[in-house]
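A.B. asks: return atomic coordinates for the entry below.
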Amino acid sequence: MEGKEETSTTLALEKEGRSLLISMQEGWQYIKAIFTGQVKKARARTEQEASEADLQTAKRQVEAADSAEEKKKKLSM
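C.D. replies: Numbers count the residues shown, from 1 in each chain. This next block holds a predicted model:
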């Protein structure tokens, strides 16, 4: 019976580790989107380019969150 508990614990730890990695990747993508957006906004020559940079930043942040959520759903299956 002890072997089953160890296996169960190991699997749970692996799952938590993968979940943590996914969250870290999401955070990195989020930070990268913010940084890239700020650079584009700073280089914008018109207000339209600045607005487009803001929209692109928001889009990338949503994509990062959606991607992480999808990966976590697959992990829990």
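
A.B. asks: and the residue nearest to the spatial centre of the chain, what element?
C.D. replies: Nearest to the centroid of the C-alpha atoms of the chain, with distances taken as C-alpha atoms, centre = their mean, sits Glu26, at 1.5 Å. Applying DSSP states H and E as the criterion places Glu26 in helix 2-43.

A.B. asks: helices and strands around that helix, which ones?
C.D. replies: Identification of packing neighbours for helix 2-43 by 3 or more C-beta pairs under 8 Å, 6 or more residues apart in numbering; DSSP states H and E yields helix 47-76. Placement of C-beta: from N, CA and C, glycine included.

A.B. asks: the helix it packs on: which residues count as buried?
C.D. replies: Neighbour-count burial for helix 47-76, counted by 16 or more other C-beta atoms under 10 Å, picks out Ala50, Ala53, Thr57, Arg60, Gln61, Ala64, Ala68, Lys71.

A.B. asks: also stretch 7-24?
C.D. replies: For stretch 7-24, burial by neighbour count (16+ other C-beta under 10 Å) applies to Ile22.

A.B. asks: now it, how far from the chain's geometric center?
C.D. replies: In terms of C-alpha atoms, centre = their mean, to the nearest Å, the centre of stretch 7-24 is found 16 Å from the chain centre.

A.B. asks: what comes into contact with that stretch?
C.D. replies: For stretch 7-24, contacts defined as C-beta atoms under 8 Å, 6 or more residues apart in numbering pick out Ala68, Lys71, Lys72, Leu75, Ser76.

A.B. asks: wait, what's in contact with the fourth one?
C.D. replies: Spelled out, it's Leu75. Taking C-beta under 8 Å, 6+ apart, we find Leu75 in contact with Lys15, Arg18, Ser19, Ile22.

A.B. asks: repeat for the third one
C.D. replies: With contacts defined as C-beta under 8 Å, 6+ apart, the neighbours of Lys72 are Ser19, Ile22.

A.B. asks: at 6 Å instead, please
C.D. replies: Ile22 (C-beta atoms under 6 Å, 6 or more residues apart in numbering).

A.B. asks: ok, now the first one?
C.D. replies: Ala68 is in contact with Ile22, Glu26, counting by C-beta under 6 Å, 6+ apart.
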